[in-house]
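Peer 1: Okay, sequence plus prediction incoming.
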There are 2 protein chains.
Amino acid sequence: MDFYELLRLEGKTIEKAKHEHIFVQGDSDRSFYRVQSGLLKAYYTSKKGKESVKSFILPEDTICSLTSAYSEGGCSFSLICLEATILIKIPFAKLYEYSQKHHEIANKIIELLLGLAMKKEKREFEFLCLSAEERYHLLVEASPKLLETVTQNDIARYLGVTPVGLSRIKNREHNN
Amino acid sequence: MDFYELLRLEGKTIEKAKHEHIFVQGDSDRSFYRVQSGLLKAYYTSKKGKESVKSFILPEDTICSLTSAYSEGGCSFSLICLEATILIKIPFAKLYEYSQKHHEIANKIIELLLGLAMKKEKREFEFLCLSAEERYHLLVEASPKLLETVTQNDIARYLGVTPVGLSRIKNREHNN
DNA sequence: CATCAATTTTAACCTGAGTTAATGCCTGCA
DNA sequence: TGCAGGCATTAACTCAGGTTAAAATTGATG
């Protein structure tokens, strides 16, 4: 029993249009998603309405709210489509259940979680050790495609600065 | 075969004095550690010598450099004892190997990785959405013990500000 | 107990980024 | 084709936090 078989067997294909939400901060959503095609944005909304972008999710990526799926609380962030998107949806509990019986599934989950943990550690490093400007340069190096697809606003809120701030950073570039 | 049996069977107990390193940024260390007693600090050192604290590691916590143990690169951070510390050390590959054969081990690893991923997501949220002052307040709420044990310097570098900056934050508190 | 080193606080000055607001630019849609 | 709404840039002002340096406090050790 391989992971993709499991998705085929127990998963449900979902199609969403641009601007549609998969879930909203505070919702309960115990599903695990795999992106087949499209582009999504995971983002936090503060009490004062300030938006911060947690991540962009690309084809072949997987995503779920761990606080909702695993800790059984509400989702700590919202998930929205920036493009028309096709996903496979499967209950997180189903994954967990299969991981008990099938080594191959357990191993795939370990691999996914290792990837997630490393990605988050990298982001922790960037916020802890780098300036907004350095974070921007790394993003330009690592994901030039994303910069073309996504608005400046969303890039800024992903880097932890305001759109005005990012505009200044780019401008500083230009003059050197 | 339970996780702690495995540690007993294949692990090696290590005692370290205050100020001793377990590993240094750039080292290769493919081990996985569990803290039995003591206190450690994981930290990054920048090219210009600036230190940033990634995390504090307490008894019952586990720690390893994923980039070294899993991706087989050099450690991206250093690990040092802030107190005399006793750890159990086991090759990461051994854990991986046992996880292939023993469901209970695989499940424990999944549980540990879920915990790690959630901890890192929480920290990502704090850097992305909160000010240094708000991060400090959360830390005071969540870990008052730590504030008594660890120097202001290290707390500051954990919060992503300079010691001078943290002193001001505390002072601001005091006058309100 | 005295002293030296490390930690913490305070002060003065500087800088990067937030805020607000005005302007110009696209793009989608009626 | 023309308009409305979102996006990006620019400018003026403010402020949190960085930097440097000096003073005050604490701690560790001979």
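Peer 2: Looks like it came in fine.
Peer 1: What strand or helix carries the nearest residue to A:Leu7 once chain neighbours are set aside?
Peer 2: Using C-beta to C-beta, 6 or more residues apart in numbering or on different chains and skipping residues adjacent in sequence, the residue nearest A:Leu7 is A:Ile88, 5.1 Å away. Where you see a C-beta, it was placed from the backbone N, CA and C, and this is true even at glycine. Here A:Ile88 is covered by strand A:85-91, with elements defined by DSSP states H and E.
Peer 1: before we move on, back to that, residue contacts, the residue nearest to A:Leu7?
Peer 2: Counting by C-beta atoms under 8 Å, 6 or more residues apart in numbering or on different chains, A:Ile88 makes contact with A:Leu7, A:Gly11, A:Lys12, A:Thr13, A:Ile14, A:Tyr33, A:Arg34, A:Gln36.
Peer 1: Remind me what the next helix or strand after the strand holding A:Ile88 packs against, helices and strands.
Peer 2: Toward the C-terminus, strand A:85-91 is succeeded by helix A:92-101 as the next helix or strand (DSSP H and E). The helices and strands touching helix A:92-101, judged by 3 or more C-beta pairs under 8 Å, 6 or more residues apart in numbering or on different chains; DSSP states H and E, are helix A:3-10, strand A:31-37, helix A:103-129, helix B:103-129.
Peer 1: Average pLDDT for stretch A:100-119, rounded please.
Peer 2: Stretch A:100-119 shows a mean pLDDT of 94 in the predicted model.
Peer 1: and if you look at stretch A:31-38?
Peer 2: For stretch A:31-38, mean pLDDT is 97.
Peer 1: Spell out which residues of chain A are next to chain B.
Peer 2: When proximity is defined by C-beta under 8 Å from any C-beta of the partner chain, chain A lies next to chain B at A:44, A:46, A:50, A:52-54, A:66-67, A:70-71, A:76, A:99-100, A:103, A:106-107, A:109-110, A:113-114, A:116-118, A:120-121, A:123-125, A:127-129, A:160.
Peer 1: What about DNA strand C: which of those residues touch it?
Peer 2: With the criterion set as C-beta under 7 Å from any atom of the strand, the members of these near DNA strand C are A:Lys50, A:Gly160.
Peer 1: Buried members of the residues of chain A next to chain B into PyMOL, please.
Peer 2: Buried subset of the residues of chain A next to chain B, written as a PyMOL selection, criterion 16 or more other C-beta atoms under 10 Å in any protein chain shown:
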select buried, chain A and resi 44+52+53+54+66+67+70+76+99+106+107+109+110+113+114+116+117+118+120+121+123+124+127+128+129+160
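Peer 1: Quick one: neighbours of the residue of chain A found nearest DNA strand D, just the number.
Peer 2: As assessed by C-beta to the nearest atom of the strand, DNA strand D sits closest to A:Gln152 within chain A, at 3.0 Å. Counted with other C-beta atoms under 10 Å in any protein chain shown, the neighbours of A:Gln152 add up to 12.
Peer 1: Was I right to think it contacts A:Ser167?
Peer 2: Yes. Shown here, A:Gln152 and A:Ser167 form a contact pair, counting by C-beta atoms under 8 Å, at 7.0 Å.
Peer 1: quick one: strands adjacent to the strand holding A:Ile88?
Peer 2: Neighbouring strands of strand A:85-91 in its sheet, by DSSP bridges, are strand A:12-16 (antiparallel), strand A:31-37 (antiparallel).
Peer 1: got TSV for those strands, with distance to A:Leu95 and mean neighbour count too?
Peer 2: As requested, the strands paired with strand A:85-91 are exported to TSV (distance: least, C-beta to C-beta, whole Å; neighbours: other C-beta atoms under 10 Å in any protein chain shown):
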stretch	distance to A:Leu95	mean neighbour count
strand A:12-16	14	14
strand A:31-37	6	20
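Peer 1: Throw those strands into JSON lines and include distance to A:Glu83, thanks.
Peer 2: Formatted as JSON lines, the entries for the strands paired with strand A:85-91 read as follows, by distance: least, C-beta to C-beta, whole Å:
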{"stretch": "strand A:12-16", "distance to A:Glu83": "9"}
{"stretch": "strand A:31-37", "distance to A:Glu83": "8"}
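Peer 1: would TSV of the ones you listed with distance to DNA strand C be doable?
Peer 2: Conversion of these to TSV gives the following (distance: least, C-beta to the nearest atom of the strand, whole Å):
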stretch	distance to DNA strand C
strand A:12-16	16
strand A:31-37	19
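Peer 1: who wins for proximity to A:Phe3 among the ones you listed?
Peer 2: Shortest separation from A:Phe3 across those is recorded for strand A:31-37, at 9.3 Å, computed as C-beta to C-beta.
Peer 1: For chain A, which residues are neighbours of DNA strand C?
Peer 2: By C-beta under 7 Å from any atom of the strand, the residues of chain A that approach DNA strand C are A:Lys50, A:Ser131, A:Ala132, A:Glu133, A:Gly160, A:Val161, A:Thr162, A:Val164, A:Gly165, A:Arg168, A:Ile169.
Peer 1: Any of these buried? List them.
Peer 2: Among the residues of chain A next to DNA strand C, those buried by neighbour count (16+ other C-beta under 10 Å) are A:Ala132, A:Glu133, A:Gly160, A:Val161, A:Ile169.
Peer 1: and the last one, what does it touch?
Peer 2: Going by C-beta under 8 Å, 6+ apart, A:Ile169 touches A:Ala132, A:Glu133, A:Tyr136, A:Val161.
Peer 1: Please see if the host helix or strand of it touches DNA strand D.
Peer 2: Remark: A:Ile169 resides in helix A:163-174, with elements defined by DSSP H and E. Yes. With C-beta under 7 Å from any atom of the strand as the measure, helix A:163-174 is seen reaching DNA strand D through A:Pro163, A:Val164, A:Leu166, A:Ser167, A:Arg168, A:Lys170, A:Asn171.
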